[in-house]
Structures are given as C-alpha cells and as structure tokens.
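# Build me a model:
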Amino acid sequence: PNSRVASMSSRRPVKNVDTSNQMSLFVKSDVPAQQASDALDGSVKFNRPDPREIYLGGTRLDEYLHRAGLDGPLEIRSLLLSLDWEAFEQRYKKEGRRPYGPEAMMGIILYGLSKGISGLRGLEELARLDLGCMWISGGLCPDHATFGRFIQKHDEQISGDMLHALTAAVLKRSGGDVSVVSGDGTVVEAAVSRYGNMRREALQQAAEAARQQAEEAPEDNKQARRAEQLECAQAQLESRAEARRAKGRDPETTQINPLDPEAMVQPQKDKTYAASFKPSVLANSQRIIVGWGVDPGSETAVVESMLEQASRHGPLETALFDAAYHCDAVIQACARHDVELLCPEGALWRRHDTGHAKQGKYYSKRQFRYDVEQDVYLCPAGQRLVHDGTGKHQGGEYVNYRGTRCSDCPQRTACTTAKAGRTIKRYGGDAAKETLRQKMEDPQIRERYRQRQAMVEPVFSALKWQQNLRRFRRRGLAAVKREFALHVMAYNLGRMLILARTDGSGSLLVRFLEAMLRQCQDFLENRRGFFRRMTVRSDSVQEASQIMLFA
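Numbers count the residues shown, from 1 in each chain. Purely as a prediction, here's the structure:
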C-alpha cells in the first residue's frame, strides 16, 4: 500500500501559472535572461519559471504590483535570489522530474508566514491565488505534501546557515548592526496543548496498560508505538519530578502531556496551565531578530546560543534583558562574550529614592548589603550578620551568615521569625550580581536601559498577532525549533520591507505627518507670495487690503 501511494503521488501533475499570453504575438518582449539559472554542471535541473513572463492582460506582473504599491514581493524575490542555495540544491538527485527551485519554495513559505498562514494547505492555496506569491515563486503551484517534504528535507539548512545568511542580508539592506541588542522570551502553547495532561500515578497506570496490550498483540504496531510513547513520557516526568524535588518543591504535582513529552506544562498569560514551549529572541535597535532559541521551560538557557548567533553579524557591545534574566548563567554568558549586561534585579530597581524598600512579608536578600572588607552582611537595621559556616548546593558551595543581635532588634518581625536569628546564604555568583545591581542604580544606565522594551516587545506582538504564532503546529522540540526558525526568517523579511518604506527615518505615521506639515508650509508660502504681489500691483493700500480680506 505504501508503494502504491508513493507511485500515485509521484504521478501528480506539476501545476504552474499559465504564461502563454497572446500579447507576445504583437508586442516585443523585454524580459531579460533568467535571474536564477540551473546548475552549470548539469547535475540537477530545477523547475524555475521566470515571473516576468506572467501578464495581467497587457501588463506585466511586476509592473502591476509596482503600480499598485505592492513592492514587497519584488523586494523579497530580489533578496532570495541573492542568497546561496547550493546547500539546498545538493540534496536533490539527478533522477526523476525537475524539483522546484528551493528559493521559490522558501519564498512561498516565508511569504505565507508573514501573512499568518502556517498550514500547508493554506500555503498551497496562497500559491495559486496571491499575485505577490506568484511573483516570488515564478508561478509555481506546489501542493501541501510538497511543502511538507521540502521542510523536512532541509531541516538543518533552514534553522542553520540559511537563517544566518538571510539575517545578514536583511541587516545589510537595512543598514543595521548588533552593537546593542535586547532579549526576551514568551510562552507559546504546544500543538497538543488542548489534550489532557497526566500526573505520575495516572501516567504509570496508562503505561502499564499499554505495555500489556502491546504484549497481547505483538503484530499491532500502533499499540507498540503507544507503549513506547508512554514510556518516554514516564522517563521525562521522573526527570522533571526529580528536578522539582531538588528545588524543594512537591514532585507529585508534576504534570506532562504524553502526546508531546518534550513540552513543559507551565502557566500561560491567562493564568491557566498548558503544555507549551518558550521561544526567545535577541533583537537589535531596528527590531531585527539577530538571535533566537527555543527551550521547553527556560528563557535563560538559550542566552549563550543567542549571543553566539548575534556575534556572527558584528561586534556586540551591550545586551539588555529584563529582571527574569538576572541570574548567574546570563551574567557569565555575557562575560564570556565580553558584552556589557544591563539587567535589573526584580521590581526594586525603580525605587531608588526610598532606600531599601520592603518587598513581600519579610526583608529580601537584596536589602542586605555585603561588606567585602569585614566579610559581613549589614541588615536594614544596621546590624551585622557574621560568617557561620559553609554548605553545598547543586551549583557548588555557599557561605552562611547569621545575625548576632536579632533577638532585641526592633525590626525583627519584618525580617525573620527564626529563633536563632536571620540567616543569609552567599553564593559564588553573588559578587557579580551585586556589581550589576550597583551599576543599575546609575541614572544614566537606567536611561540607556529604557530602550529595551521598545526594541524587543513589538517583536513578539508581530509574531503572535501578524504571523499567528499563538500555538505551534508541530510536535517535538526539534520540529518546534524548525517552525520557529521559519517564523524568524519571515519576520525579518517583513521588517526589512518596513524599514525600506520608512528609509530609517521613523514610522509611517511620522513620515505622513512630516509630509503634511511640508505641504502646509508650502501653501502658506504661496499665499504670502500672492499677497505681496497683489499689494505691489494695487494702485492704493485700500485696494490691497480689500484683496487680502477677500482672499
């Protein structure tokens, strides 16, 4: 049956837009040589029709798009043709019918994602109906299965060198750099988020039942796959439960979705819990994504990778992150890349005029000041916490400090209820955190940091509400990374078009208001000139005043 289906799919007719217009019988064609030619060695011939042969009546397609103000597809095709597609072409064999040009296939996919179309059947319909898509593809009309096979075949190139090359081309055309970058992450539901989650006991019972059914029917491959899937989910659940136990949390509350064990059950923006992933981006001052990553449940785990990606496009100087990134991993990653880190600690960074502000029921650790020379902590009441032994944790050792006069302290109820007094643990990375905290108290540094939100927050707004990335469509971390990489490329293409329209001089609204202001100034100048000319030509001042009043 599988071979029959394969032979039937291979006999599907290749559909292209009909370019046999009758105007060519009477009008001399000015179509130049094809921009994307076949391989010179003749190893593989690709199906690459020229879109300049597509006419709407007597108007060529590119001329129609330009007259209609739809220059976006023209820019997208121009950029795609400027990239190197050799790595894609080498994955095709000489036998069989001509494959579609990879630049055309990628163009349809990215153009569709920029319009919020991520389904394969939606891309198939887009290629047949959208005029801009016809120009990008040259009139090719692949079916949904062809799109799926193309994405799977070129998984490594899509999320690797091609993404880097496209980002570099967008930066070059937009005149951007990566001297200052801003990072953030979000939560996006997994493809299986609408299915129920399981805890340890329920998952264990389901796995035992599936194994028993697989043993009773060894010829049933479906039952065997089901048992294997539940066993993988069970192993993943045990690993996460152990991690929760190490942090002092209840491991019995750990949940997992057996249909996609790599997805993490975590809180969403609407306060509900669902299986999801955490994609993160690193954007420059022009809001172009220069680094990206996906992790099941951590935003900080991909910072190192994002900094490496951004450094391929130029020297990094400053990285801006919000308070969720104030941790040892991010500080050390920025130090290894010699990047200045601007990152506040919690919500207290804005409250510099009130001294040590109270947060929560008791004084937090950040309200205690460490004295390096005396090796003591000073509490908000001015009392000292002295060295009181060492301990070990997952990241290494820590030093314990205990208060000596907590029993008669007037602020004891706001600090601790322990009979032995307040204790503070000092970890190896606390010195770097204190240096960063002190740095963020500088008003000039805080002013520089305020640009972070404008740089990175609109990126996720565009991804979620313009490109419809509110829920992943594919299962597994590898497939989710591939899907998000395509969204990143589509976003960067759209960002390039916006920057090209604004010429780097600001938003479209600002340019519109500036143009209206110039027209008003020209109008006033013309009216003033008219009044001056009429005054000179008038026989009397009274006649001139009447003319001005009438005007």
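# All the helices of the stretch 301-450 of the chain, in order from the start?
According to DSSP state H, counting those that start in this stretch, the stretch 301-450 of the chain carries its helices in the segments 303-311, 328-336, 430-439, 443-449.
# quick one: the second one to helix 430-439, angle?
Orientation note: helix 328-336 sits at an angle of 80 degrees relative to helix 430-439 (axes from the mean of the first three to the mean of the last three CA atoms, to 10 degrees).
# In helix 328-336, which of the residues would be classed as buried?
By 16 or more other CB atoms under 10 Å, the buried positions in helix 328-336 come out as 330-331, 333-334. (Each C-beta comes from the backbone N, C-alpha and C, glycine too.)
# follow-up on the earlier one: most tightly surrounded among the helices of the stretch 301-450 of the chain?
helix 303-311 (a mean of 20; mean count of other CB atoms under 10 Å).
# Check what pLDDT residue 142 gets.
pLDDT, residue 142: 93.
# now swap in the one 5 residues further on and tell me
Model confidence at residue 147, expressed as pLDDT, equals 93.
# got it, and the one 10 residues further on?
With respect to pLDDT, residue 157 scores 87.
# Distance check, it against residue 46.
To residue 46, residue 157 is 16 Å away according to CB to CB, to the nearest Å.
# ditto for residue 241
As defined by CB to CB, residue 241 lies at a distance of 51 Å from residue 46.
# Repeat that for residue 407.
Relative to residue 46, and taking CB to CB, residue 407 is found at 82 Å.
# Please apply the same query to residue 408.
Separation of residue 408 from residue 46 (CB to CB): 84 Å.
# who has more neighbours, these two?
Neighbour totals were compared for residue 408 and residue 46, and residue 46 leads with 19 against 7 (other CB atoms under 10 Å).
# Can you report phi and psi for that one?
Backbone geometry at residue 46, expressed as degrees, to the nearest 10, gives phi -100, psi 150.
# Please tell me how far stretch 365-384 is from the chain's geometric centre.
41 Å (CA atoms, centre = their mean, to the nearest Å).
# now swap in stretch 86-98 and tell me
Relative to its parent chain, stretch 86-98 has a centroid offset of 31 Å by CA atoms, centre = their mean.
# what do you get for stretch 71-80?
22 Å.
# just stretch 177-195 next, same as before
The answer for stretch 177-195 is 5 Å, by CA atoms, centre = their mean.
# What helix or strand is the most centrally placed residue in the chain located in?
With distances taken as CA atoms, centre = their mean, residue 281 lies nearest the centre of the chain, 4.3 Å away. Residue 281 is part of strand 273-284, with elements assigned from DSSP states H and E.
# other SSEs contacting that strand?
strand 180-185, strand 188-189, strand 264-267, strand 289-295, helix 303-311, helix 452-465, helix 477-502 (3 or more CB pairs under 8 Å, 6 or more residues apart in numbering; DSSP states H and E).
# Give me the buried positions along that strand.
Buried positions in strand 273-284, judged by neighbour count with 16+ other CB under 10 Å: 274-284.
# Reformat these as JSON lines; add pLDDT.
Shown next, in JSON lines, are the buried residues of strand 273-284 (pLDDT from 0 to 100):
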{"residue": "274", "pLDDT": "91"}
{"residue": "275", "pLDDT": "92"}
{"residue": "276", "pLDDT": "94"}
{"residue": "277", "pLDDT": "96"}
{"residue": "278", "pLDDT": "96"}
{"residue": "279", "pLDDT": "96"}
{"residue": "280", "pLDDT": "96"}
{"residue": "281", "pLDDT": "96"}
{"residue": "282", "pLDDT": "97"}
{"residue": "283", "pLDDT": "96"}
{"residue": "284", "pLDDT": "94"}
